[in-house]
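*Asks:* give me a model of this one.
(2 chains)
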2 protein chains.
Amino acid sequence: MDERTGLPVVGMIGAGQLARMTHQAAIPLGQSLRLLADSPDDGAALVAADVEVGDFRELADLRRFARGCDVVTFDHEHVPNEHIAALEADGVAVHPGSAALRYAQDKLAMRERLSAMGVPGPRWAPVATRADLERFGARVGWPLVLKAATGGYDGKGVWVVDTADDAADVLAAGVRLLAEEKAPIARELAAVIARSPFGQGAAWPVVETVQRDGICVEVLAPAPDLDEDVAEQAQALALRIAAELGVTGVLAVELFETRDGLLVNELAMRPHNSAHWTIEGARTSQFEQHLRAVLDYPLGAPTPTAPVTVMANLLGGADDVVPKGIDERVHHSMARWPDVKIHLYGKQLRPGRKVGHVTALGVDLATVRGRARAAADYLMHGDLNSDANAAGA
Amino acid sequence: MDERTGLPVVGMIGAGQLARMTHQAAIPLGQSLRLLADSPDDGAALVAADVEVGDFRELADLRRFARGCDVVTFDHEHVPNEHIAALEADGVAVHPGSAALRYAQDKLAMRERLSAMGVPGPRWAPVATRADLERFGARVGWPLVLKAATGGYDGKGVWVVDTADDAADVLAAGVRLLAEEKAPIARELAAVIARSPFGQGAAWPVVETVQRDGICVEVLAPAPDLDEDVAEQAQALALRIAAELGVTGVLAVELFETRDGLLVNELAMRPHNSAHWTIEGARTSQFEQHLRAVLDYPLGAPTPTAPVTVMANLLGGADDVVPKGIDERVHHSMARWPDVKIHLYGKQLRPGRKVGHVTALGVDLATVRGRARAAADYLMHGDLNSDANAAGA
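*Replies:* Below is the predicted model of the structure:
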């Protein structure tokens, strides 16, 4: 309890862009997010008042940090599960808890559990040896997808292999692996929901996530032309997974849409890139909702604020525009697209790194998407012709 | 320039709720607002990373603060004008500048200037003696309004007097005074606009401000049933005042609507209570727009996001619910009004003090207003019957 405000203190482990945007959402709730940062230059540490620098892999650092918090939550899923369990044993309120978070940290555990629940997913098998992989490939066909059970994100730790030979290096690396069939995907969707410890759930509209090289580049909300029954099925699936796994906070269920129905791809138990559009596009953003959920407050209305919202990620290219030159590009971008909302994360640019996103809202998908795409391309690559390109896409 | 982000640094003098909400708007722009706070417990100081404690009345403190800023702006108008001019002479970019800000700091200067511009206002006169007041009263009739030229806000420094006798104490206090006729007011309006140093202007829809005891309690956006020509006239008036006075940043023009047309009541050159509704109710909030303006960025679209937005202030009553008890009331309020947005300023409660506001959006004014009113009453007074009361209001 913060005696100055009379409100409980939420601590977030990790101080990247998710923490930065959660702090932004904390301010109107009378809160000030407390952060455990890797460095004082982390995106969220640049904007928050209550920052402790420490190592999320060290239980002593986590314990020291938790002492100042009424609730502890996460910016990422890399905190060792046994440390989270140790905090819980200390009596710390941690949301999501270790028992749930395990399924976002370990893809093998997730596949086992979802299969046991009868949740549809690609066919999969644990793989330790070349023989395991060949057996699985013979069953589901090649190419197939090899995944590290732990530690991957944004396409890292995921390999598409055509033959067992292609997998030799990965198999030799000694990490726990699983193989999944390469399902015939029509497109990728995400069902994002929140669940409170009390058990209340709230679902945003199901979105389409547009991927390039395994990284999300755009989110279209709601998913265009999605069958209403399929949308409801996706929301119900996400709410059921949250309830059965005991998830608290935001849960993002990444889905494949196939001719034969939906398949669960991944789970994330934190605010997620696929719901950044909710900052402007929904009455309650995922960041506010995550705070409400971990505080066990009643959840806010997830109602959309516009017929169509499109979010485009700002992904670093080969050039070095951030920090040098970004201010000028922000100027031009604001002049050209006065209704597009810019979100910068306070991060240095590296090729492929997410340094921000833009959001456009409106009625016509092609127009809205064209504006978001053009603004994102201009901010990252200075490409003034992107408007026309995007409009034709 | 912040070398970590490549973006200019905005410093705000004062760390109250306007600074708090400006910091919130600064985060997506890649910024982190730098603050000169009176105390580390100020509402904005609780949530921002870059806070200096100092005295805004001391030029040395202002100079030290300005050294870390590319642009300096204000949370309030109490910084001595000569100190602002001194910073400008030092080469600091200050927005709004001293020449413009003078007209928000000194009501006599404002009346003189607006009269010279031919801007409609109540009849007025400088008043130093009882004889001055009696002469003015004989001309415009009693009761009339007596105002301190400097230092007033939220009804402070304003007196309605029926006779010269009523004004004896005020006249004796030795402050510079002006008298204004008590115009026959149908209602109060506000035209809020922003203007950049480049000269770009952008106007939000004109709103109705509902006052109680000289304090704004509600804002209805747009002003219900306002004649379109009158609305345009109000916006044009505000843009003209900003251009002629050289205002940079947000300008709020408080207006009286009378049978004979609009009269200018007050000017404020900073984000203003009458535009808090823009956080959710407009594509660009007044806080983001103020930052864009003082940075000389192109302005954002002031387009409304919903047909009707109502903001209700959270004003402390006689009881002491903040900080004690506010958390429980936030719970109940969120459960009952999941679509109403709560904004808490991190302030201790005092009777009559603004400690936050709520915003409701929708289509039907009576419904939206009822929900905002009920949520505000419940948060401040625990009044569960207010729903019905407000619906009948």
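*Asks:* name the residues of stretch A:145-164 that come out as buried.
*Replies:* A:145-150, A:152, A:157-159, A:161, A:164 (16 or more other Cβ atoms under 10 Å in any protein chain shown). In this view, the C-beta of every residue, glycine as well, is placed from N, C-alpha and C.
*Asks:* which one in those is the model shakiest on?
*Replies:* For those, the weakest pLDDT value sits at A:Gly152, with 66.
*Asks:* contact partners for A:Leu133?
*Replies:* Counting by Cβ atoms under 8 Å, 6 or more residues apart in numbering or on different chains, A:Leu133 makes contact with A:127, A:146, A:161, A:164, A:167, A:171, A:179.
*Asks:* from the buried residues of stretch A:145-164, which single one is nearest A:Gly137?
*Replies:* A:Ala164 (6.7 Å; Cβ to Cβ).
*Asks:* you'd agree that closest one is up against A:Thr129?
*Replies:* No - using Cβ atoms under 8 Å, A:Ala164 is not in contact with A:Thr129; the gap is 9.8 Å.
*Asks:* okay, now A:Gly214: neighbour count?
*Replies:* Residues within reach of A:Gly214, counting by other Cβ atoms under 10 Å in any protein chain shown, total 13.
*Asks:* could you tell me the phi and psi values at it?
*Replies:* Here is the backbone geometry of A:Gly214 (degrees, to the nearest 10): phi 80, psi 0.
*Asks:* ok, for the spatially most central residue of chain A, nearest residue in space, not its chain neighbours?
*Replies:* Closest to where the C-alpha atoms of chain A average out (Cα atoms, centre = their mean) is A:His272, at 2.5 Å. Closest residue to A:His272 apart from its sequence neighbours, by Cβ to Cβ, 6 or more residues apart in numbering or on different chains: A:Ala252 at 3.5 Å.
*Asks:* what pairs with the one you found across the strands?
*Replies:* A:Val192, A:Ala268 (DSSP bridges).
*Asks:* check contacts around it.
*Replies:* By Cβ under 8 Å, 6+ apart, the contact list for A:Ala252 reads A:190-192, A:267-270, A:272, A:274-275.
*Asks:* now, which of these sits nearest chain B?
*Replies:* Nearest to chain B out of those is A:Ala275 (Cβ to the nearest Cβ; 15.5 Å).
*Asks:* secondary structure element for the closest residue to chain B within the stretch 101-250 of chain A?
*Replies:* The stretch 101-250 of chain A approaches chain B most closely through A:Ala202 (8.3 Å), counting by Cβ to the nearest Cβ. Element membership of A:Ala202, judged by DSSP states H and E, is strand A:201-203.
*Asks:* any idea how far the residue lying farthest from the centre of chain A is from B:Gly30?
*Replies:* Farthest-out residue of chain A from its mean C-alpha position, per Cα atoms, centre = their mean: A:Ala131, at 34.1 Å. In this view, A:Ala131 and B:Gly30 are 52 Å apart by Cβ to Cβ, to the nearest Å.
*Asks:* identify the bridge partners of A:Glu52.
*Replies:* Counting by DSSP bridges, the residues bridging with A:Glu52 are A:Leu36.
*Asks:* one more: A:Leu344?
*Replies:* Beta bridges link A:Leu344 to A:Gly356, B:Leu29, judged by DSSP bridges.
*Asks:* wait, it sits on A:Gly356?
*Replies:* Yes - counting by Cβ under 8 Å, A:Gly356 is a contact partner of A:Leu344 at 4.2 Å.
*Asks:* shared neighbours of those two, which are they?
*Replies:* Common contacts of A:Leu344 and A:Gly356 (Cβ under 8 Å, 6+ apart): A:314, B:30.
*Asks:* list the contacts of A:Gly43.
*Replies:* A:15-17, A:19-20, A:345-347.
*Asks:* follow-up on the earlier one: count of neighbours near the closest residue in space to the residue of the stretch 101-250 of chain A closest to chain B that isn't next to it in sequence?
*Replies:* Among residues not flanking A:Ala202 along the chain, A:Leu299 sits closest, at 4.2 Å (Cβ to Cβ, 6+ apart). Counted with other Cβ under 10 Å, residues neighbouring A:Leu299 total 22.
*Asks:* any idea how far A:Leu299 is from B:Met334?
*Replies:* As judged by Cβ to Cβ, A:Leu299 and B:Met334 stand 8 Å apart.
*Asks:* shared neighbours, those two?
*Replies:* Common contacts of A:Leu299 and B:Met334, defined by Cβ under 8 Å, 6+ apart, comprise A:Arg292.
*Asks:* average pLDDT for stretch A:1-21?
*Replies:* Averaging pLDDT along stretch A:1-21 gives 94.
*Asks:* report the distance from it to the chain centre.
*Replies:* Distance of stretch A:1-21 from the chain centroid (Cα atoms, centre = their mean, to the nearest Å) equals 19 Å.
*Asks:* format the CA atom coordinates belonging to it as CSV.
*Replies:* Provided in CSV are the C-alpha atoms of stretch A:1-21 (Å, rounded to 0.1, in the frame of the first residue of the first chain):
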residue,chain,number,x,y,z
MET,A,1,0.0,0.0,0.0
ASP,A,2,1.3,3.4,-1.0
GLU,A,3,0.4,5.6,2.0
ARG,A,4,0.4,8.7,-0.2
THR,A,5,-2.3,7.4,-2.5
GLY,A,6,-4.1,4.7,-0.5
LEU,A,7,-3.6,2.3,-3.4
PRO,A,8,-1.8,-1.0,-3.6
VAL,A,9,1.6,-1.0,-5.4
VAL,A,10,2.1,-3.1,-8.5
GLY,A,11,5.6,-4.3,-9.3
MET,A,12,6.6,-5.4,-12.8
ILE,A,13,9.7,-7.6,-13.4
GLY,A,14,11.3,-6.3,-16.6
ALA,A,15,11.3,-2.7,-17.9
GLY,A,16,10.9,-3.0,-21.7
GLN,A,17,8.1,-1.6,-23.8
LEU,A,18,5.4,-3.6,-22.2
ALA,A,19,6.3,-2.2,-18.8
ARG,A,20,6.6,1.3,-20.4
MET,A,21,3.1,1.1,-21.7
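*Asks:* buried ones in that stretch?
*Replies:* For stretch A:1-21, burial by neighbour count (16+ other Cβ under 10 Å) applies to A:2, A:4-21.
*Asks:* now check it, is it near chain B?
*Replies:* Yes - contact of stretch A:1-21 with chain B (Cβ under 8 Å from any Cβ of the partner chain) involves A:2-8, A:20-21.
*Asks:* state the pair within the residues you listed that is farthest apart.
*Replies:* Within those, A:Glu3 and A:Met21 form the most distant pair, 26.8 Å apart (Cβ to Cβ).
*Asks:* grab the nearest non-local neighbour of A:Pro224.
*Replies:* Closest residue to A:Pro224 apart from its sequence neighbours, by Cβ to Cβ, 6+ apart: A:Leu365 at 5.7 Å.
*Asks:* residue contacts, that neighbour?
*Replies:* A:Leu365 neighbours (Cβ under 8 Å, 6+ apart): A:220, A:224, A:308, A:310.
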